[in-house]
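Trainee: Attaching a predicted model along with its sequence, questions to come.
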Amino acid sequence: MGVEKILFYLFAAIMLASATAVITVRNPVRAALFLVLTFFASAAIWLLLEAEFLAVALVLVYVGAVMVLFLFVVMMLDVNLARLREGFARYLPIGVLIALLMITVLVMIVGPEQFGLAKFAEPLRHDADYSNTRELGLILYTVYVYPFEIAAVILLVAIVAAIALTLRRRPYTKYQNPDEQISVKRDDRIRLVDVPTEQRK
Amino acid sequence: MALWQWLVDQYQSWQPVSGYLVHIVAITIPLFVCVAYLTLAERKIIGAMQVRMGPTRVGWKGLLQPWADMFKLMFKEIIIPSGSNKILFLIAPILSLAPAMAAWAVVPLDATTVLADVNAGLLYVLAVTSIGVYGVIIAGWASNSKYALLGALRSSAQIVSYEIAMGFALVGVLIAAGSMNLGDIIIAQAGNHGPFNWFWLPLLPLFVIYFISGVAETNRAPFDVAEGESEIVAGFHVEYSGMAFAVFFLAEYANMILISVLAAVMFLGGWLSPLQGWVSDATLATPYIGWILDDGFHWLLAKISIFLFLYLWFRATFPRYRYDQIMRLGWKVFIPITIVWIIVVGGMVLGHVGPWWDHPG
């Protein structure tokens, strides 16, 4: 039990510290990297909660793919920090108001009085051959199959739409078509011309 | 005496942890030696293919060459470019080496030997290897150099693209084996038809795509545009020197070994003997000969060696791909084929096609 607690507090501390760093660090690339660390630490905490599928999926999807693209964009954009900080004082009151509202709502929903052993029984430990992935799959493809499929279709439409919106074909770009290059025949390239010989006058 | 007792108590209370540490060391040290000798093997084999000798001077037939290289790089100065981000600059090589090592935790070396017998082993491997990209990106960005940044963008775009085809290939394995545990995946390939029970045959397109994507993932020839000596000097690690560079080098070779062992586990039956079901039990019971013919770690080693040889062979024979061709191959050829073949595999599993899925259950 001891090791588990130490691990929990360790990863929780890393998570909180890096999450704070995400919004306080000035350099956007570093902020993105701290966000990666936050995801990683929360994946570790999910592992402690026996949610190994979600933990691994978080690392695979968010750390391995989404944040890489994030970093790409942040690295290539020329972020002007001075312009970003413009009008900070003007928007401060609204910002503080929204932050306070969100904190109140959060505390109301996940505050300490909502949890505790009195409200929920202590979750049972699963034995070693319990497969989180299998349980998730079983429930996802039986009870929740329609919501799952609908979500999948919506995502597919979103992907197609994103590609369709950004795809633009400029008429004068030159590009190669490998299929044509490979399937070229001699007759496509060479034209034999019969030039009539001119008679000397 | 009291102190000694205290130490013994401490050891016993931490025994599980220290036991894992011993196992981890027992896997990593041989791995590092393999990486070192893979560099020598590369120079020797490519040398032989190009009718050269390769390194011959250090030690008998050049066998001590990796150590010489290692000590040379160790004693060289690590130059940190001015204007670079020092911490990230030094973390980057570690970030690219660590995942290649960490993934070994779930690789079954034998019927009973595996460091962590995880249910979601395949997912773990995918997740851990996808972290390796960060080493490349951070190295390119932290170097504060145009060449490094361009190289990093190129190679990470390539890695991310091929990861998709690779993931789909592994989904096929997952469907075929009905498990994500690497040990169960190997056991699903056991049978009485020798190598024909392994998944390479029913999943042949996925097998080929997996390995080619693996070559692209590790930025090896013919997909080594990340290095592209002719265009962008040396890609994301131009600014690195000394041991920091050596760690990138190690990471590349460790990743090659990892891709090879995963291909062996998922498509060539891991530690299963290619003679399974063809050799009588009496032969297997005879000492020495039986041990060699029976399943075991040596077969896994042999299969890894085949893939590593292919890696070196590719490097010696193929010219480098152009960047747009790499992207076309990954997105427009591999991904559609894998998607189609996943459906085919699903059909074969449902139809109980033998000899892989005809047993009941």
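Mentor: Cool, got the structure. Numbers count the residues shown, from 1 in each chain, chains lettered A, B, ... in the order given.
Trainee: show me the contacts for B:Ser130.
Mentor: Counting by Cβ atoms under 8 Å, 6 or more residues apart in numbering or on different chains, B:Ser130 touches A:Val59, A:Leu60, A:Val63, A:Gly64, A:Ala65, B:Glu163. All C-beta atoms are positioned from the backbone trio N, CA, C, and that covers glycine.
Trainee: neighbours around the fourth one, how many?
Mentor: Here the count is done by other Cβ atoms under 10 Å in any protein chain shown, and A:Gly64 has 27 residues near it.
Trainee: residues contacting it?
Mentor: A:Gly64 makes contacts with B:Leu126, B:Ala127, B:Ser130, B:Ile131, B:Val133, B:Glu163, as judged by Cβ under 8 Å, 6+ apart.
Trainee: what's the average pLDDT for the helix or strand containing the fifth one?
Mentor: Of the helices and strands defined by DSSP states H and E, B:Val133 is found in helix B:121-142. In this model, helix B:121-142 has an average pLDDT of 87.
Trainee: and what of stretch B:152-169?
Mentor: For stretch B:152-169, mean pLDDT rounds to 87.
Trainee: is any part of it close to chain A?
Mentor: Yes: for a cut-off given as Cβ under 8 Å from any Cβ of the partner chain, stretch B:152-169 has contacts with chain A, namely B:Leu153, B:Ser156, B:Ala157, B:Val160, B:Glu163.
Trainee: Just the closest residue of the stretch 51-200 of chain B to chain A, please.
Mentor: Closest to chain A within the stretch 51-200 of chain B is B:Ser130: 2.8 Å, counting by Cβ to the nearest Cβ.
Trainee: Would you tell me what the next helix or strand after the helix or strand of chain B with the lowest mean pLDDT is?
Mentor: Lowest mean confidence among the helices and strands of chain B (mean pLDDT, DSSP states H and E): helix B:229-232, at a mean of 64. Next helix or strand after helix B:229-232 toward the C-terminus (DSSP H and E): helix B:242-267.
Trainee: gap between that next one and the chain center?
Mentor: Helix B:242-267 sits 5 Å away from the centroid of its parent chain (Cα atoms, centre = their mean, to the nearest Å).
Trainee: Would you mind measuring from B:Phe318 to B:Asp358?
Mentor: Distance, B:Phe318 to B:Asp358, using Cβ to Cβ, to the nearest Å: 39 Å.
Trainee: likewise A:Ala13?
Mentor: Counting by Cβ to Cβ, the gap from A:Ala13 to B:Asp358 is 54 Å.
Trainee: Nearest residue to the residue of the stretch 51-200 of chain B closest to chain A in space, please, no chain neighbours.
Mentor: Here the nearest residue to B:Ser130 in space, its sequence neighbours aside, is A:Gly64; by Cβ to Cβ, 6 or more residues apart in numbering or on different chains that works out to 2.8 Å.
Trainee: what about that neighbour, distance to A:Arg191?
Mentor: From A:Gly64 across to A:Arg191, the span is 53 Å (Cβ to Cβ).
Trainee: which element is A:Ile150 on?
Mentor: helix A:145-166.
Trainee: sec struct for A:Leu117, please.
Mentor: Here A:Leu117 is coil, with the state taken from DSSP: H, G, I helix; E, B strand; the rest coil.
Trainee: Pull the number of nearby residues for it.
Mentor: 7.
Trainee: Let me know the pLDDT of it.
Mentor: Per-residue pLDDT puts A:Leu117 at 76.
Trainee: Of all the residues in the host helix or strand of A:Met75, which ones are buried?
Mentor: Of the helices and strands defined by DSSP H and E, A:Met75 is found in helix A:67-76. Buried residues in helix A:67-76, counted by 16 or more other Cβ atoms under 10 Å in any protein chain shown: A:Met67, A:Val68, A:Phe70, A:Leu71, A:Phe72, A:Val74, A:Met75.
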